[in-house]
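S.K.: predicted model follows, preceded by the sequence.
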Amino acid sequence: QAQLVESGGGLVQPGGSLRISCAVTGGFLDNYAIAWFRRAPGKEREEVACISSTSDYIYYANSVKGRFTISRDNGKDTVYLQMNSLKPEDTAVYYCAGDPHGLCYEVESYGFTGQGTQVTVSS
């Protein structure tokens, strides 16, 4: 059964960069749109970015636009989130979710979600 596995989180100083990954195991990434969400204590869950199965549609939340870049490598069954110019308010658990129809539409509704990886931005 296919699963989503996140990796690459950690502690980084403000202004630093980090790349986190979302890998599909037991299946293939090709047909999935993948979205990154984040969840921080005391804040609402936020959809950070999404990439369609064909990469012709990409979405970024205003809070990360110009700093984060989402990309995919179907050969490696992996989606990446490159995070630059990180701020303390980016601290959160980041998790990915997949839409088997390939669209970035109500991605979490399919229940295909990873466990998350912690990103902490602090000096």
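M.R.: Noted; the coordinates are in hand. Numbering: from 1, shown residues only.

S.K.: Leu11 - how many residues pack around it?
M.R.: By other C-beta atoms under 10 Å, the residues close to Leu11 number 12. All C-beta atoms are positioned from the backbone trio N, CA, C, and that covers glycine.

S.K.: please apply the same query to Thr69.
M.R.: In terms of burial, Thr69 registers 16 neighbours under the definition other C-beta under 10 Å.

S.K.: so which strand or helix has it?
M.R.: Using DSSP states H and E, Thr69 falls within strand 68-73.

S.K.: mind listing what's buried in that strand?
M.R.: Within strand 68-73, the residues that qualify as buried by neighbour count (16 or more other C-beta atoms under 10 Å) are 68-70, 72.

S.K.: so which of those is the closest to Gln118?
M.R.: Phe68 (16.6 Å; C-beta to C-beta).

S.K.: excluding its backbone neighbours, what's nearest the closest one?
M.R.: Using C-beta to C-beta, 6 or more residues apart in numbering and skipping residues adjacent in sequence, the residue nearest Phe68 is Met83, 5.2 Å away.

S.K.: and the one you found, what does it touch?
M.R.: Taking C-beta atoms under 8 Å, 6 or more residues apart in numbering as the criterion, Met83 is in contact with 17-20, 64, 67-68, 90, 119.

S.K.: ok, these vs Gln3, which is closest?
M.R.: When the contacts of Met83 are compared for distance to Gln3 (C-beta to C-beta), Ile20 comes out closest, at 16.4 Å.

S.K.: separation between the closest one and Leu81?
M.R.: Shown here: Ile20 relative to Leu81, a distance of 5 Å by C-beta to C-beta, to the nearest Å.

S.K.: and for Ser63?
M.R.: As defined by C-beta to C-beta, Ser63 lies at a distance of 13 Å from Leu81.

S.K.: likewise for Glu89?
M.R.: 16 Å.

S.K.: of these two, which one has the most company?
M.R.: For Glu89 against Leu81, the residue with the higher neighbour count under other C-beta under 10 Å is Leu81, and the figures read 26 against 11.

S.K.: what's near enough to touch the more buried one?
M.R.: Taking C-beta under 8 Å, 6+ apart, we find Leu81 in contact with 19-22, 36, 48-49, 68-70, 94.
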